[in-house]
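Participant: Pasting the sequence and the predicted model now:
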Amino acid sequence: MSDTDLLRDAVAELYSSDPDQFVDRRAALAAAARAAGQAPVARQIAGLRKPTRSAWVVNQLARAEPGVTSELSSLGEELRAAQESLDGAAIRELSQRRHQLIETLARRAFEVAGQPQPPAALRDDVTATLGAAMADAEVAGQLASGTLVRPARSEGFGPAGPAAPPELALVTSSGARGPSRTAGAPGPRRTQTRTQSRAGTRTQRTEREQPPRPPSAGQARAERERRRQADLAAAEQAAAEAARSAEAATAAEHDLERTVQTLEEQLADARRSLAETRLQARRARNRQRQTSQALDRLRS
């Protein structure tokens with residue numbers, strides 16, 4: 001087996017196995033590589049990092065369903081294009097699809113990992129990582145390889161800031177000096193050069209002193225749309241977080257209801273046992289009293 005094959009097989013085994021077994025299996029695989037005379041591979045294996053539980057869950061989804069990464073990236077590209085064109089209707093429709101896709105993939109990830117009812121914190125990390133993979137090419141690459149070691153978070157698809165207004169670009173580009181006087185040039189040309197230089201300086205000073213022009217109607221509309229989309233994205237994120245919190249609270253409520261039901265059943269059993277024990281105790285005391293009375297009669 002080549003060095004590449006040995007390392008690839010070790011990575012596949014470690015990032016597919018339960019994280020609780022990662023450290024022991026890593027040590028065993030590194031030792032096996034050293035025993036096979038593959039010291040460089042052994043060092044690479046020993047340097048592999050243990051994934052968190054949430055990263056492991058996402059890795060299992062990527063390994064079970066290799067098309068997940070392209071599915072996320074494709075929708076991410078559509079969202080970026082819609083935001084660049086400030087297409088409000090498309091952004092709303094794609095944002096809804098994004099939320100549905102992430103929720104669907106998170107559910108499938110926990111099913112693949114054998115955790116159909118994950119804790120709220122674990123679910124939050126998994127959904128955040130899937131959202132980051134949609135927005136960040138580096139996270140998407142790690143997801144595609146199934147070797148994520150920690151959850152990832154991203155600001156999502158926030159709209160880009162507004163372009164600099166034309167007057168700012170003009171002021172910035174006007175810092176170059178006018179033509180300089182050339183030694184030994186004819187007198188009239190030097191006079192003309194000085195005149196041009198002074199005129200250029202006055203123009204620059206005037207441009208600097210002029211207050212910035214108000215944005216055009218188109219720029220104002222674009223800015224309002226940008227802010228509206230930012231507010232919409234923030235509201236959608238808040239709604240998603242509220243939905244996750246409500247789901248977690250409902251799950252906790254059901255758990256407590258089951259716990260209360262179990263305790264009530266145990267309490268009922270304990271009360272029946274107590275009643276039976278009291279009855280047996282009364283019978284035993286009666287027998288003890290009767291025995292004592294019979295003994296007293298015999299003695300007398």
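Facilitator: It's in.

Participant: so what are the domain limits for the chain?
Facilitator: 1-50, 51-163, 166-209, 245-300 (automatic domain parsing).

Participant: Return the member of the ones you listed having the minimum mean pLDDT.
Facilitator: Between these, the one with the least mean pLDDT is domain 166-209; it has a mean of 42.

Participant: you'd agree Leu94 is up against Leu79?
Facilitator: Yes - Leu94 lies in contact with Leu79 (C-beta atoms under 8 Å); the separation is 4.9 Å. Every C-beta, even on glycine, is put in place using the N, C-alpha and C of the backbone.

Participant: Go through the domains of the chain and name the closest to Gln229.
Facilitator: Closest approach to Gln229 among the domains of the chain is made by domain 51-163 (5.3 Å; C-beta to C-beta).

Participant: mind checking how far the nearest residue to Glu225 once chain neighbours are set aside is from Leu75?
Facilitator: Of all residues not flanking Glu225 in the chain, Leu86 sits nearest, at 4.9 Å (C-beta to C-beta, 6 or more residues apart in numbering). Distance, Leu86 to Leu75, by C-beta to C-beta, to the nearest Å: 18 Å.

Participant: now do Ala294
Facilitator: Distance from Ala294 to Leu75, by C-beta to C-beta: 92 Å.

Participant: So which of the two has more stuff around it?
Facilitator: Using other C-beta atoms under 10 Å as the criterion, Ala294 and Leu75 rank with Leu75 on top: 16 against 10.

Participant: which residues does that one contact?
Facilitator: Residues in contact with Leu75, defined by C-beta atoms under 8 Å, 6 or more residues apart in numbering, are 94, 97-98, 101, 134.

Participant: Let me know which of the domains of the chain is the nearest to Arg227.
Facilitator: Of the domains of the chain, nearest to Arg227 by C-beta to C-beta is domain 51-163, at 8.7 Å.

Participant: So what does Thr147 look like in phi/psi?
Facilitator: Torsion angles at Thr147 (phi, psi; degrees, to the nearest 10) stand at phi -130, psi 30.

Participant: Now do the same contact list for the nearest residue to it once chain neighbours are set aside.
Facilitator: Nearest non-adjacent residue to Thr147, counting by C-beta to C-beta, 6+ apart: Tyr15, 5.4 Å away. For Tyr15, the contacting residues are 51, 56, 59, 63, 146-147, by C-beta under 8 Å, 6+ apart.

Participant: Show me which pair in those is furthest apart.
Facilitator: Pairwise across the contacts of Tyr15, and taking C-beta to C-beta, the largest span is found between Pro51 and Arg63, at 12.1 Å.

Participant: related to what we said a few turns ago, is the residue nearest to Glu225 part of a helix or strand, or is it coil?
Facilitator: Assigned with DSSP: H, G, I helix; E, B strand; the rest coil, Leu86 falls in the coil class.
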